[in-house]
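Engineer: Only the shape, not the letters, is given here:
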């Protein structure tokens, strides 16, 4: 069999499988992702994710590719990266522009903020322990 004919047949098969992949309504995306419908709508309104089309009834329809974006968004949000920065990262990622340096910078900044919080909490912990050690009996009943 001619290599071009074989390649053409494979492409047709892949295209038919992609075309046959059912589009998902927002409730299906919610159920499979564990996010609320409200959150998914919010992400749409903020431009973080995009439905591929709308149903005749006006429902947002998504491809299964949305789950990769939702996972990535969750990861970035878990790092407390603000939504405007998440949007910039997603846009860069979708355009094919490497954002490794800016993403690394954002993560390094966040790691520094966490380290500062840990240090402040340790200081507070020491102060609380000193307060307990120096506590004078206030004359109340001991329980």
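Structural biologist: Okay, I see it. Given the structure is predicted, the values throughout are model-derived calculations rather than measurements.

Engineer: tell me which helix or strand of this protein sits lowest on mean pLDDT?
Structural biologist: The least trusted helix or strand in the chain, going by mean pLDDT, DSSP states H and E, turns out to be helix 3-20, with a mean of 49.

Engineer: by contact count, what packs against the next helix or strand after that one?
Structural biologist: Per DSSP states H and E, helix 3-20 leads on to strand 24-25 as the next helix or strand towards the C-terminus. For strand 24-25, the elements it packs on are strand 60-62, judged by 3 or more C-beta pairs under 8 Å, 6 or more residues apart in numbering; DSSP states H and E. C-beta coordinates here come from the backbone N, C-alpha and C atoms, glycine included.

Engineer: Okay, helices next: where are they in the chain?
Structural biologist: Ranges of helices within the chain are 3-20, 26-33, 37-45, 66-78, 83-95, 100-133, based on DSSP state H.

Engineer: TSV please, covering those helices and showing mean neighbour count.
Structural biologist: Putting the helices of the chain into TSV (neighbours: other C-beta atoms under 10 Å) gives the following:
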stretch	mean neighbour count
helix 3-20	9
helix 26-33	16
helix 37-45	15
helix 66-78	16
helix 83-95	15
helix 100-133	11
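
Engineer: And those: which comes nearest residue 55?
Structural biologist: helix 26-33 (10.4 Å; C-beta to C-beta).

Engineer: Of all the helices of the chain, which one is nearest residue 59?
Structural biologist: The closest of the helices of the chain to residue 59 is helix 26-33. By C-beta to C-beta, the value is 6.8 Å.

Engineer: Also compute the angle for the closest one relative to helix 37-45, please.
Structural biologist: Interaxial angle, helix 26-33 versus helix 37-45 (axes from the mean of the first three to the mean of the last three C-alpha atoms, to 10 degrees): 110 degrees.

Engineer: Now do helix 26-33 against helix 66-78, angle only.
Structural biologist: Put simply, helix 26-33 runs at 60 degrees to helix 66-78, going by the same axes, to 10 degrees.

Engineer: Distance from the chain centre to helix 26-33, please.
Structural biologist: Its chain's C-alpha centre and that of helix 26-33 lie 15 Å apart, by C-alpha atoms, centre = their mean, to the nearest Å.
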